[in-house]
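In: Generate a structure from the sequence data that follows.
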Amino acid sequence: MAEAQPPQRRGRLLKVAGIVTATVIGVAALALIGVNAYVRVAYAPFYEAATDEFPLPGLDAGFVPQDLDYLDEADAWLFSGYQAKDGPSPLYRRDADGTVARLTVALPDGSSYQGHGSAVTSTDDYVLLAQEGGYLVLDAREVAAAPDGAALQPVGSVEMDFSPAFMNVEDGTLYAGNFYFPGDYETPAHHRIVTPDGTENPAVIYAYPASDAGRFGFAERAGRVYSIPAMVQGVAVTADGQMVLSCSYGLRSSHLLAFDLGRTTVDGAFVADGATVPLYALDSRSLAADLKAPPMTEGIESHDGLVYVSEESACSKYLFGRLYGAGVVYTLPL
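Out: Residues are numbered from 1 along each chain as shown. Model (predicted):
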């Protein structure tokens, strides 16, 4: 039988344990304060311009957000992404009153959509959800009215020359582009272009004009192509004619690059969807602003005179963003 500890020794042990616990909590609190202070200083221009609007949905349920879109049909916000663990990739809808609905997409073969959810965008009639080799098309009214837990059936799909890493419908034009990071995410050789100022742009954006004759409201072929930098995760076009690109990958600082489309000129030709179209290169000649942002600032949407951005870093897969208040949607007056 173990010998009982004297009361004085038990008291000392409890006191030591309390001191150790308090020390660990104190160190953790100081680390949290230190990381938060560092990030707020390192990205001061971003936080000075940004306004915290509302929290990202699904972060505590394993959701890894990739993109966001304002759905006019419902006066709501949509969020696409994937699950940190295997399972259907959800589509979250946040209504104007803050109510959140978690939706899934049921594919024609009976399986569930488990794609990366890299992009979601919408028109008055349709919601477009990126998938390998193109995008799925959902009925916007069904998405707007679907109850929490509903499985949505696509009304069609569209194939593209590449798998879109980001998409956005802006002022009647569908913009869809690919992502480049050397070694991990390569692009076709003809997508890698040296621009007139000497910049090596390794990716592109296809711009599809609105068309009554096209499927789901857009022309079947791109009307023009933009040559863009590496690591682009999202695109938005503001009312004053700036194309804003969110550039991000891993723990690197993100950058919100604003290009003045009024300063772009045709720099050549590009073969897209089997046709030759004008090529516009985005480089230093039209760069209007470069705002450094915290890592994993990815989703981007232009709405009501502001640019809305979302951060991936606070999801359960990464967590580090929670050390400095990520996990919310910010607005910026870019």
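In: which residues of the stretch 1-150 of the chain score low on pLDDT?
Out: 1-37 (pLDDT under 70).
In: try 50 this time
Out: 20-32 (pLDDT under 50).
In: need the helices for it, in chain order.
Out: Taking DSSP state H, counting those that start in this stretch as the test, the helices found in the stretch 1-150 of the chain are 7-42, 44-49, 140-145.
In: helices and strands around the second one, which ones?
Out: Helix 44-49 makes packing contacts with strand 287-293 when contacts are defined by 3 or more Cβ pairs under 8 Å, 6 or more residues apart in numbering; DSSP states H and E. For the C-beta atoms, the positions are set from N, CA and C on the backbone; glycine is no exception.
In: Distance from the strand it packs on to the middle of the chain?
Out: Distance of strand 287-293 from the chain centroid (Cα atoms, centre = their mean, to the nearest Å) equals 17 Å.
In: quick one: average confidence on it?
Out: The predicted model assigns strand 287-293 a mean pLDDT of 96.
In: Check which residues of that strand are buried.
Out: 287-288, 291, 293 (16 or more other Cβ atoms under 10 Å).
In: now do stretch 122-139
Out: Buried, per 16+ other Cβ under 10 Å, within stretch 122-139: 122-123, 126-131, 134-139.
In: Out of these, name the ones that lie in strands.
Out: Counting by DSSP state E, the part of the buried residues of stretch 122-139 found in strands is 122, 126-131, 134-139.
In: Pick the one among the residues you listed closest to Gly198.
Out: Set against Gly198, the nearest of these by Cβ to Cβ is Ala130 (31.8 Å).
In: Quick check: that closest one touching Pro164?
Out: Yes. Between Ala130 and Pro164 a contact is recorded at 4.9 Å, counting by Cβ atoms under 8 Å.
In: could you dump the buried residues of strand 287-293 to a markdown table with distance to Ala74?
Out: Listed next are these as a markdown table, based on distance: Cβ to Cβ, whole Å:
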| residue | distance to Ala74 |
| --- | --- |
| Leu287 | 36 |
| Ala288 | 33 |
| Leu291 | 30 |
| Ala293 | 28 |
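In: Closest one of the residues you listed to Asp67?
Out: Ala293 (15.7 Å).
In: Would you check that that closest one makes contact with Ser253?
Out: Yes. Counting by Cβ under 8 Å, Ala293 touches Ser253, with 7.0 Å between them.
In: Going along the chain, name the strands of the stretch 201-334 of the chain.
Out: 203-209, 224-228, 232-237, 242-247, 254-260, 266-272, 275-281, 287-293, 297-303, 306-311, 328-332 (DSSP state E, counting those that start in this stretch).
In: Okay, buried residues for the first one please.
Out: With burial defined by 16+ other Cβ under 10 Å, the residues of strand 203-209 counted as buried are 203-208.
In: Could you list the domains of this protein?
Out: 8-42, 51-332 (automatic domain parsing).
In: hmm, back to that, now, among the buried residues of strand 203-209, which is nearest to Leu261?
Out: Ala207 (10.7 Å).
In: count of residues packed around the spatially closest residue to the closest one that is not a sequence neighbour?
Out: Among residues not flanking Ala207 along the chain, Arg224 sits closest, at 4.9 Å (Cβ to Cβ, 6 or more residues apart in numbering). Counted with other Cβ atoms under 10 Å, the neighbours of Arg224 add up to 17.
In: any idea which of the domains of the chain is most buried?
Out: domain 51-332 (a mean of 19; mean count of other Cβ atoms under 10 Å).
In: distance between the ends of that one?
Out: 7 Å (Cα to Cα, to the nearest Å).
In: just how off-centre is it within its chain?
Out: With Cα atoms, centre = their mean, you get 6 Å for domain 51-332.
In: From here on, call the first residue 378.
Out: Will do, 378 is the new start, and the previous item becomes domain 428-709.
In: Spatially central, which residue of the protein would that be?
Out: Gly676 (2.3 Å; Cα atoms, centre = their mean).
In: rewinding a little: pull up the overlap in contacts between Ala670 and Ser630.
Out: Contact criterion Cβ atoms under 8 Å, 6 or more residues apart in numbering; residues shared by Ala670 and Ser630: Tyr420.
In: list the contacts for the residue nearest to Ala584?
Out: 584, 654-657.
In: Would you mind measuring from it to Tyr585?
Out: Separation of Arg601 from Tyr585 (Cβ to Cβ, to the nearest Å) stands at 9 Å.
In: From Ala587, how far off is the nearest residue to Pro586 once chain neighbours are set aside?
Out: What sits nearest to Pro586 in space, not counting adjacent residues and going by Cβ to Cβ, 6+ apart, is Gly600, at 4.6 Å. Going from Gly600 to Ala587 by Cβ to Cβ gives 10 Å.
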